[in-house]
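> how would this look folded up:
(2 chains)
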There are 2 protein chains.
Amino acid sequence: MALDKTLRDTIADAVSAGFDDQIAFTSALVACASQRGEEHTVQDLIFRTLKARGYAMDRFDMDREALARHPGAGRWSDTHSEAPIVVGIHRPKEETGRSVILQGHVDVVPTGPEHMWTHPPYAATIEGDWMYGRGAGDMKSGFACLIGALDALRAAGYQPAGTCYVQSVVEEESTGNGALMTHLRGYKADAALIPEPTGESLIRANLGVLWFQVAVEGFPVHVQEMGDGANAIDAAMRVTAALRELEASWNARKAEHPLFAGFDHPLNLNIGKIAGGDWASSVPCWATIDYRISILPGWNVAECAKEIEDHITAFARADSYLANTLPKVTFNGFFAEGYVQPEGSEAEAVLARAHESAMGEPLTAHSSLAYLDARVYALFDGIPTLCYGAKSRASHGFDESVSLSSLKRTTLSIALFIAEWCGLEAV
Amino acid sequence: MALDKTLRDTIADAVSAGFDDQIAFTSALVACASQRGEEHTVQDLIFRTLKARGYAMDRFDMDREALARHPGAGRWSDTHSEAPIVVGIHRPKEETGRSVILQGHVDVVPTGPEHMWTHPPYAATIEGDWMYGRGAGDMKSGFACLIGALDALRAAGYQPAGTCYVQSVVEEESTGNGALMTHLRGYKADAALIPEPTGESLIRANLGVLWFQVAVEGFPVHVQEMGDGANAIDAAMRVTAALRELEASWNARKAEHPLFAGFDHPLNLNIGKIAGGDWASSVPCWATIDYRISILPGWNVAECAKEIEDHITAFARADSYLANTLPKVTFNGFFAEGYVQPEGSEAEAVLARAHESAMGEPLTAHSSLAYLDARVYALFDGIPTLCYGAKSRASHGFDESVSLSSLKRTTLSIALFIAEWCGLEAV
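The predicted structure is shown next:
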């Protein structure tokens, strides 16, 4: 049931009053460079921020063995982060309301060449309505919305009447193991909310994602003896072409899922990274390519992985160069299935009311083609999982940025959601 | 005029008697890993070896400014070696004979993945007639032949009656600036001999070589927004395809040079090294490819470089992705023209007699498709330049190796050449 108008306005005023602090905190988060493995300082900043607010704190490491036993865990690699997971726990005086997981990730993807940024990627420069920076959109500003919403409730004299787990995770951009680790640690709630920059819209469905690396090796010779195509870099590009066939055949099956059938090309194979050879005058004898591919919700990830491996092997056996030394396929990150957030949940109804109250427009929903940690709570906890956040631009690109006015609206929306979902009690 | 048979046999016996020491020295050279920039220890070993024999020593650094002023210098880059050049000088008691430059390079190309070697690349393992190792063929064993030949003459009681410059250089595999530096330092002689592993045959002609790197940049996006081909790695491969057209048009002109007209495909473009992207789930926004291409003797290297640049730019302007940010072309190594060693020189006649005496067969000659330092002496000193050495296998490849029996024959051939070319005097 919708919140009382006076209470709604009180919360809105509190969100506005605290917004400068919220933006300052967002800037501080962006300033902590936190590419994979580097998230220690930002997690410590978040630990101190939550602890200062009086939350009960839990900080824990990845449990590599427990993750290895879980079918949804991303595959471990040498570059896996060892930064801790941080959880701040609010417990009400009287547990009269519903509980919620409020989650965000602090890992960011690489910046690419910094000279291609208009503003330095970790400077959190504000220009007009936009804050620029790697992670400004995806999703440090989202995490700051969670704190901003809880702070606003408190500033208004209230706190949630249900348990709130404020979870700051890592590895969202590579394995999803941070979110999975909170699940394995035993955190459970009646719903989850993850403020990814969804453009003020709810994620209805989301693809699964796999990461894998293909390593090609073959005998090098002096360039004076080279024959056409008998080099590892060209061979690696032929593997890519073969994988494009698999990608096409998977996209041809898009009608299997009504929420993705409307996309031209829902399933993208990305050749994200390549390295090969070591000398301009030697025919390259090795090359590695890192790929990312997505799968429809409902597809079994292990079966898809096998299909990828089999496809590469079948192609290689027919290739005169690759047949001598078959390419090595290593799944080295995401090993995740997609999810659907079914319509009709009470959590969604609460968010829809909060959204309309904050935005003045009805809540919309859409399908996402990117990996989202929401899959952990949707698939393995089976709870309503609301992936919903502000407007951003150029995630993973240069001049990534987030709209400040959208952040403010979204913070209010999240505060109203928490207020109604958990209920409120006086501080 | 041919050497006296008794003297010839005395020298042959001395080569045989010293051959175990020569092979031990060759092994010591191979054991000094000396990829680009790492040649300090092997150059110190050679300095001590020459100094111990009483040669006057000269050791000097690259003169970057002097090199930059020379049209045949390879282009400087961050990976340019800073190891010294070492020259040991034998001056006779009475200068009655002709002088000679005896040159070898000690830099080696990368090993590639070591697990693909049957024998470790720096172990100098001997199995049957073959010594295995990176640089065993190309060309540490050749340098050891020079020392072996001079040692044999001395063991027989003689030394050259003309000045001999024993020059150990670096950068032969990347710029040719080591050899060029000896020229700039002022070393001159009546002929030069470089015992590259030519298979006991003389190099009659040799291609020019250019190195260049193409850097592609473009705006990355989240993989969920990717469009076909709008990524830097695919774009870099399109540049490669465009360069293959240039390569084909150059090969179509092979009839311009009679010594290369008989080859199917004399001019090879090699894609030696690639790097691009930094994240499997980001569309790659940068890629660099290192290329090597060869040109016919007589072609102007600066004009060829311009043709490469123009070809890439013209292609890029018509490519929807590349046109936004034109690829950057950087010449970053070899910038060398080919050479021809004309028939009929007295130096070649002397080598032919020495060869037939050592091998029992007439000297043959052939054209080479690889870069050779010999171009420096042939083009810029205009002296007879004899590139001639032992039989080897898999230069730049795994299990590179050199034939010991061939090394022995070649050492005798070189000793006989020095004896006749320089003349001899008693030690």
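
> Nearest to chain B within the stretch 51-200 of chain A, name that residue for me.
residue A:110 (4.2 Å; Cβ to the nearest Cβ). No exception for glycine: its C-beta is placed from N, CA and C like everyone else's.

> surely that residue meets residue B:278?
Yes: at 4.2 Å, residue A:110 and residue B:278 qualify as touching, with contact defined as Cβ atoms under 8 Å.

> And the strands in the stretch 51-200 of chain A?
A:56-60, A:85-90, A:100-105, A:126-127, A:130-132, A:158-160, A:164-169, A:192-194 (DSSP state E, counting those that start in this stretch).

> Mind putting those strands into a markdown table with mean pLDDT?
Output for the strands of the stretch 51-200 of chain A, formatted as a markdown table (pLDDT from 0 to 100):
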| stretch | mean pLDDT |
| --- | --- |
| strand A:56-60 | 98 |
| strand A:85-90 | 98 |
| strand A:100-105 | 98 |
| strand A:126-127 | 98 |
| strand A:130-132 | 98 |
| strand A:158-160 | 98 |
| strand A:164-169 | 98 |
| strand A:192-194 | 98 |
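
> got JSON lines for the ones you listed, with mean neighbour count and distance to residue A:202 too?
Formatted as JSON lines, the strands of the stretch 51-200 of chain A follow (neighbours: other Cβ atoms under 10 Å in any protein chain shown; distance: least, Cβ to Cβ, whole Å):
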{"stretch": "strand A:56-60", "mean neighbour count": "15", "distance to residue A:202": "28"}
{"stretch": "strand A:85-90", "mean neighbour count": "23", "distance to residue A:202": "24"}
{"stretch": "strand A:100-105", "mean neighbour count": "27", "distance to residue A:202": "15"}
{"stretch": "strand A:126-127", "mean neighbour count": "14", "distance to residue A:202": "27"}
{"stretch": "strand A:130-132", "mean neighbour count": "24", "distance to residue A:202": "23"}
{"stretch": "strand A:158-160", "mean neighbour count": "23", "distance to residue A:202": "21"}
{"stretch": "strand A:164-169", "mean neighbour count": "27", "distance to residue A:202": "20"}
{"stretch": "strand A:192-194", "mean neighbour count": "29", "distance to residue A:202": "10"}
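
> Same list, those strands, but as TSV with distance to chain B please.
Shown next, in TSV, are the strands of the stretch 51-200 of chain A (distance: least, Cβ to the nearest Cβ, whole Å):
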stretch	distance to chain B
strand A:56-60	26
strand A:85-90	21
strand A:100-105	13
strand A:126-127	19
strand A:130-132	15
strand A:158-160	33
strand A:164-169	17
strand A:192-194	17
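
> So for residue B:99, which of these sits nearest?
Evaluated over those, closeness to residue B:99 peaks at strand A:130-132, with 67.5 Å, by Cβ to Cβ.

> quick revisit: any idea which of the strands of the stretch 51-200 of chain A gets closest to residue A:292?
Here strand A:100-105 is closest among these (Cβ to Cβ), at 16.9 Å.

> mind listing what the closest one pairs with, with the direction of each?
Sheet pairing of strand A:100-105 (DSSP bridges) gives strand A:164-169 (parallel), strand A:192-194 (parallel).

> need the ones you listed in a markdown table with distance to residue A:315, can you?
Shown next, in a markdown table, are the strands paired with strand A:100-105 (distance: least, Cβ to Cβ, whole Å):
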| stretch | distance to residue A:315 |
| --- | --- |
| strand A:164-169 | 37 |
| strand A:192-194 | 38 |
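
> Among the ones you listed, which comes closest to residue B:378?
Here strand A:164-169 is closest among the strands paired with strand A:100-105 (Cβ to Cβ), at 65.7 Å.

> CA atoms only for that closest one, dumped as CSV, please.
Taking Å, rounded to 0.1, in the frame of the first residue of the first chain, the C-alpha atoms of strand A:164-169 are listed here in CSV:
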residue,chain,number,x,y,z
CYS,A,164,18.6,-4.7,5.3
TYR,A,165,21.8,-6.3,4.0
VAL,A,166,23.8,-3.6,2.3
GLN,A,167,26.2,-5.7,0.2
SER,A,168,29.2,-4.3,-1.7
VAL,A,169,30.7,-7.0,-4.0
